[in-house]
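S.K.: my questions are about this predicted structure, shown below with the sequence.
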Amino acid sequence: MHATSRNFRVETLQGEVLEGYLTRSDTAGMVWVSTSSKRKKIQVNDIVEMSYYGKTWKSRITGNASSGFTYTKSSQIGRLNMDGLLRYNTSKNQTQLQGSMIMTYDSVDVGVERANVDMSYGYAFGTEWAAIVLVRYQRNVELGLDRRWQEAIGIARRFMTNKTQQASVVPGIAVNQERNLEGTESSTAEALLQLNYDLYSFISPNLTINFAETGYVSLTESNRIRSDGDISFDYELIKDFYINLQFFHNYDSRSPATDKPNVDYGFVAGLRVKF
C-alpha cells in the first residue's frame, strides 16, 4: 500500500488514530503511516477505517449523484427521483451537503412530491465521539407538509467498528419551523435519537448498505412523535458506477395538515456515480 499525494486519517482495531500519508513497507502485510516528523508501521489488517482529506482544498471534496425515472402512457404520469452528496474532509472535520427529491408530473401539473436537503458539520473527538450541527429542509405532500426548516445539534457515539460494519447513535435537540399545505405555520422543539448502521464489502462484490433511522419526541406539543428512516443499497457495476436501491419511510403521529396520524413510504431505484 503506497499513497503519498493525499493525507489520511487511519483508525485501527486497537482504537489508535494516525494521520499522514502512506508508504509501502518491506514487511509483508505492513504499511508506514508517515508525517513530516515521524512515522509508524502498522498491520494493514488492523485498519478499520481510512478517510483521506487531501493536501489541497479541491482534493478534499468527494461526492456522488444518482437518478431514476419512470413513466406509464396509460396514466400519463412521470416520476423523477434524484439524490446526491458533497463532502469536504479534513483530519478532524467533515462538512456535508446531501439532498434527495421526488418530482411527479402529468398532463396538467408538475410538482415536488418529496424533498430533503441536509447541511451538516461534524467535529471528531478521538475515534468514538463527534459533535454534530445540522440544518435541514423537508417537504412531504403525503404528510401535508409544505415545508419544514430544522436546526439540530447532537453528539455522535460510535459503538461498533470492524472490517465490515459500523454503527453509531446520535442523541440531540432540534427546533423546527413548519408550514402545512394550507399555509398555517408553527414552531416546535423536539428531542431526537438517530441510529446509523453501515455494512460494506469493497473486494468482491463491491457493495454498501446504509441504514439510518431517526425518532423525534416533541417537547412543545403533547403526544406528538415522528420518525424518518432510509435504507440504501449500492452495488458497483463498473468502476465508480453503481446500481442504487433505496427504501424510505416517514411517520408523524399528528400530520401538519390534518392533526391525524400519517405515514409515507416508497421505493426508488437508479444509477449512482461516485467521484
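M.R.: That came in fine, so what should we check first?

S.K.: and stretch 220-234, C-alpha only, in PDB?
M.R.: What follows is stretch 220-234, C-alpha atoms only, in PDB (Å, rounded to 0.1, in the frame of the first residue of the first chain):
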ATOM      1  CA  THR A 220     -43.700  21.600  22.800                       C
ATOM      2  CA  GLU A 221     -46.700  19.500  21.500                       C
ATOM      3  CA  SER A 222     -48.000  16.800  23.800                       C
ATOM      4  CA  ASN A 223     -48.100  13.200  22.400                       C
ATOM      5  CA  ARG A 224     -46.500  14.100  19.100                       C
ATOM      6  CA  ILE A 225     -43.800  11.700  17.800                       C
ATOM      7  CA  ARG A 226     -42.200  11.400  14.400                       C
ATOM      8  CA  SER A 227     -39.800   9.100  12.600                       C
ATOM      9  CA  ASP A 228     -37.700   9.300   9.400                       C
ATOM     10  CA  GLY A 229     -35.900   6.300   8.000                       C
ATOM     11  CA  ASP A 230     -33.800   5.300   5.000                       C
ATOM     12  CA  ILE A 231     -32.200   2.200   3.700                       C
ATOM     13  CA  SER A 232     -29.800   2.500   0.800                       C
ATOM     14  CA  PHE A 233     -28.100  -0.300  -1.200                       C
ATOM     15  CA  ASP A 234     -25.200   0.400  -3.600                       C
END
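
S.K.: do I have it right that residue 231 meets residue 247?
M.R.: Yes: look at residue 231 against residue 247 with Cβ atoms under 8 Å: they come within range, at 4.8 Å. C-beta here means a position set from N, CA and C on the backbone, and glycine is covered the same way.

S.K.: what stretches of the protein score poorly on pLDDT?
M.R.: Low-confidence segments of the chain (pLDDT under 70): 36, 54-55, 72-75.

S.K.: element containing the spatially most central residue of it, please.
M.R.: Central residue of the chain (Cα atoms, centre = their mean): residue 98, 6.9 Å from the mean position. Secondary structure from DSSP states H and E places residue 98 in strand 93-105.
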